[in-house]
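Q: Sequence first, predicted coordinates after that:
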Amino acid sequence: MPKASRAAAVWRTYRDVSEPGSPGLMKRVRAIPRMISAVTRGRYPGMGKSKLALMGLGVVYLISPIDVIPDFLLLVGVADDFGVFLWLMSSLIGESGRYIGWEHKVIQGAAVPPNLPPTAPRA
């Protein structure tokens, strides 16, 4: 991904998170495990298993000691890791925001918080 696209993706993610009425950053981060579970069980149609697998490969690439561009090549070696990190975070945060919106539509009444079952009594 070229630098300009990475910067645009990060800016788009920031804009989405800071938009009034949209889920905040921490709400999106807390939704990631639920989203992964829903994707693997086939309950969330907004994200395919192939995209989830690609994100998993991104995590493996970041924690793996084997690198496409070795880190001892100072700026270039760290830049590829940083690029993968930016792509991964912007993808996860953006997709978790869409997941929260989908979750609210699925839950009856949309006023019920997503961590409560749909049959829970409303306050």
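A: All right, it came through fine.
Q: could you say what helices and strands the helix or strand of the chain with the lowest mean pLDDT packs with?
A: For the chain, the helix or strand with the lowest mean confidence is helix 3-18, at a mean of 74 (criterion: mean pLDDT, DSSP states H and E). For helix 3-18, the elements it packs on are helix 74-106, judged by 3 or more C-beta pairs under 8 Å, 6 or more residues apart in numbering; DSSP states H and E. The C-beta positions use only the backbone N, C-alpha and C, and glycine is treated the same way.
Q: angle of the least confident helix or strand of the chain against helix 74-106?
A: Direction vectors for helix 3-18 and helix 74-106, defined by axes from the mean of the first three to the mean of the last three C-alpha atoms, to 10 degrees, enclose an angle of 40 degrees.
Q: where's helix 3-18 relative to the chain centroid, distance-wise?
A: Computed by C-alpha atoms, centre = their mean, to the nearest Å, the chain-centroid distance of helix 3-18 equals 13 Å.
Q: Once you drop chain neighbours, what's closest to the spatially most central residue of the chain?
A: Taking C-alpha atoms, centre = their mean as the criterion, Leu92 is the residue nearest the geometric centre of the chain, at 1.0 Å. When the adjacent residues along the chain are set aside, Leu92 lies closest to Ile32, with 5.9 Å between them (C-beta to C-beta, 6 or more residues apart in numbering).
Q: Look at the one you found and give its secondary structure.
A: On the three-state scheme (DSSP: H, G, I helix; E, B strand; the rest coil), Ile32 is labelled helix.
Q: How about residues contacting the least confident helix or strand of the chain?
A: For helix 3-18, the surrounding residues in contact (C-beta atoms under 8 Å, 6 or more residues apart in numbering) are 1, 22-25, 28, 83, 86-87, 89-91, 93-94, 97.
Q: Got a ChimeraX select line for the buried ones in those?
A: Buried residues among the contacts of helix 3-18 (16 or more other C-beta atoms under 10 Å), as a ChimeraX selection:
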select :23,28,86,87,90,91,93,94,97
